[in-house]
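Novice: Sequence and predicted structure below; questions after.
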Amino acid sequence: MTERRETVAQLAEPVVRPRGMLPHRVLLVRRARLYTDGQTLVLRDQRLRERRYETGPGGIRRAVLVPPQGDLWEVVARRPAERWGTLVFRGDGDRDVLSVPLAEWLPEGSAVGVAELSPSECLSRTGLRAVVKTLGIPLEEKPHGSQNAIGAVRPSDRGAVRPVRAGHADLPHWHGWARGAGLFAWFVGLVVGFAADSDWALTMAAFGLFLIPSVDGVLRAQGWWRSRTDVAEPSVVEIRPRPAAGTQTTRRFLRTAVVRVTPGEVVLTNTIGEERRLGRTGPHGVTGLVNLVAPKIGERLGVEFRDGAGRARALLPHRYWFAGPGGSERLAALTAALGVTAVDEDVRNAPDGDVWWRGHPLAADARRMSPMEAEAARKETDWHRSVIGGKELIVVPFLALVLLTGLFGHTVPVFLAGLLSALTVVAVLGPALVGSLISRLSLDTVRQSTLESSTHRAEEPESL
């Protein structure tokens, strides 16, 4: 593995980009790539380190698309990263060299369901099919239910190193190890402290528990800092919402949602701060815009970003993005920046009302590219409910109560244990309480857009 320290440069297509992710992992979305360099397959991570795989003798010989194993709904629930299967690059002796879960490399993966997208189509949308074609290696697509699964031990694999897995976890490995070590230290320290009557062991237990919210804070601060100091490509055009007058919107939507066009990519950030990137050329890049129109009344409903194969890759509700003052000019600027021709297309059997996108394959995308309901927005942006797990908000403070009485202890170790326990409660409940108050009192309050306020608020800076 080699490490590159230069800034991220524009790569020649085909380039495969990660799925959209929340702000604490946004650097991965901006930097990690899978692409070709001549006849070499290159896997790049968020630190710009590269793994290079040559094709031919001693390198990659072919690619195999292995569909999800077992019941589809079980895969979605238990192994979401494998819901469209895995593309495996194999070398000599049918040895697995690199496995690429398709769901991890589909930018709109969180906005489209398995019922609307087959593994074969997902292979094309990600750009992996184009990558395989560029490498000039054969591609085999196994039927659903094939037993030749990833990681299965074949005679040729015995004693071999497991293949590299090109996956993107919502949380980095160091985060899980640190939290696990903290929980282990809490348990051991508590047992030793009460069994051997050791005050310092109780301090160790309290410190271990304090480590759990601490690493959460470090990760979130790290993501916030890196997302703002990362050197990014200049935007050709930046589009922010222009809601129609009288439309109910939220401050979160107006501040956060944005579409940027850079020289090489289309960058979409939705209401909850999730960022994803699409290419601008090739069969899997954005090569067209479609204005969806209600056939009976001629009203524009939404704007679809479509790729070279005519597949919808993103969906913006027109009412919230282009129906306000200056909205038509911004749509024209977006079309010009992409260098495409916008066309109109009737939407048949579209439900009446603001939520016209029900039944659309990208309905989830339209929902997140709109002013979301307050409770839904809080749930999807809350650290514990959307990333860690809501139960921790109760469990960790409850565990801290065991040593909280140490604040009234008469020895320094016991007092430190109580102090650390108090800090743990504050570190867990404090950010959650502050975030909820900001959401309820400011970000997610519903307001009526006016011509003046829509124009002013649409210019507010992005806030992830």
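Specialist: Thanks, I have the structure now.
Novice: Can I get stretch 438-449 in CSV, CA atoms only?
Specialist: Taking Å, rounded to 0.1, in the frame of the first residue of the first chain, the C-alpha atoms of stretch 438-449 are listed here in CSV:
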residue,chain,number,x,y,z
ILE,A,438,-31.8,23.6,19.1
SER,A,439,-33.9,21.4,16.9
ARG,A,440,-37.2,22.1,18.6
LEU,A,441,-36.6,25.9,19.1
SER,A,442,-34.9,26.7,15.8
LEU,A,443,-33.9,24.2,13.2
ASP,A,444,-37.1,22.2,12.8
THR,A,445,-39.7,24.9,13.5
VAL,A,446,-42.2,25.1,10.7
ARG,A,447,-42.6,28.5,9.1
GLN,A,448,-44.3,29.9,6.0
SER,A,449,-42.0,31.0,3.3
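Novice: average pLDDT across that stretch?
Specialist: Averaged over stretch 438-449, pLDDT sits at 85.
Novice: and what of stretch 172-181?
Specialist: 93.
Novice: In it, which residues are buried?
Specialist: Across stretch 172-181, burial judged by 16 or more other C-beta atoms under 10 Å covers 172, 175, 178-179. Glycine gets a C-beta too; all of them are placed from N, C-alpha and C.
Novice: Other residues contacting stretch 131-146?
Specialist: Surrounding stretch 131-146, the residues in contact under the criterion C-beta atoms under 8 Å, 6 or more residues apart in numbering are 14, 16, 34-36, 39, 41, 55, 60-69, 87, 89, 119-120, 123, 129, 148.
Novice: The stretch 301-450 of the chain: helices as residue ranges?
Specialist: 318-321, 327-338, 363-368, 374-381, 383, 392-404, 412-438 (DSSP state H, counting those that start in this stretch).
Novice: and residue 275, which of those helices is closest to it?
Specialist: In terms of C-beta to C-beta, the element of the helices of the stretch 301-450 of the chain nearest to residue 275 is helix 363-368, at 11.6 Å.
Novice: who does that closest one touch, helix- and strand-wise?
Specialist: strand 312-317 (3 or more C-beta pairs under 8 Å, 6 or more residues apart in numbering; DSSP states H and E).
Novice: got the angle for the strand it packs on vs helix 327-338?
Specialist: Here the directions of strand 312-317 and helix 327-338 differ by 160 degrees (axes from the mean of the first three to the mean of the last three C-alpha atoms, to 10 degrees).
Novice: what's strand 312-317 packed up against?
Specialist: Going by 3+ C-beta pairs under 8 Å, 6+ apart, strand 312-317 lies up against strand 286-293, strand 300-307, helix 363-368.
Novice: so what strands line up beside that strand?
Specialist: When pairs are called by DSSP bridges, strand 312-317 turns out to pair with strand 300-307 (antiparallel).
Novice: just the buried members of the contacts of stretch 131-146?
Specialist: Counted by 16+ other C-beta under 10 Å, these give 14, 16, 34-36, 41, 55, 60-69, 87, 89, 119, 123, 129 as buried.
Novice: just to revisit the earlier point, export the helices of the stretch 301-450 of the chain to a markdown table and tack on mean neighbour count and distance to residue 280?
Specialist: Formatted as a markdown table, the helices of the stretch 301-450 of the chain follow (neighbours: other C-beta atoms under 10 Å; distance: least, C-beta to C-beta, whole Å):
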| stretch | mean neighbour count | distance to residue 280 |
| --- | --- | --- |
| helix 318-321 | 24 | 19 |
| helix 327-338 | 18 | 7 |
| helix 363-368 | 22 | 18 |
| helix 374-381 | 17 | 28 |
| helix 383 | 22 | 33 |
| helix 392-404 | 18 | 41 |
| helix 412-438 | 18 | 35 |
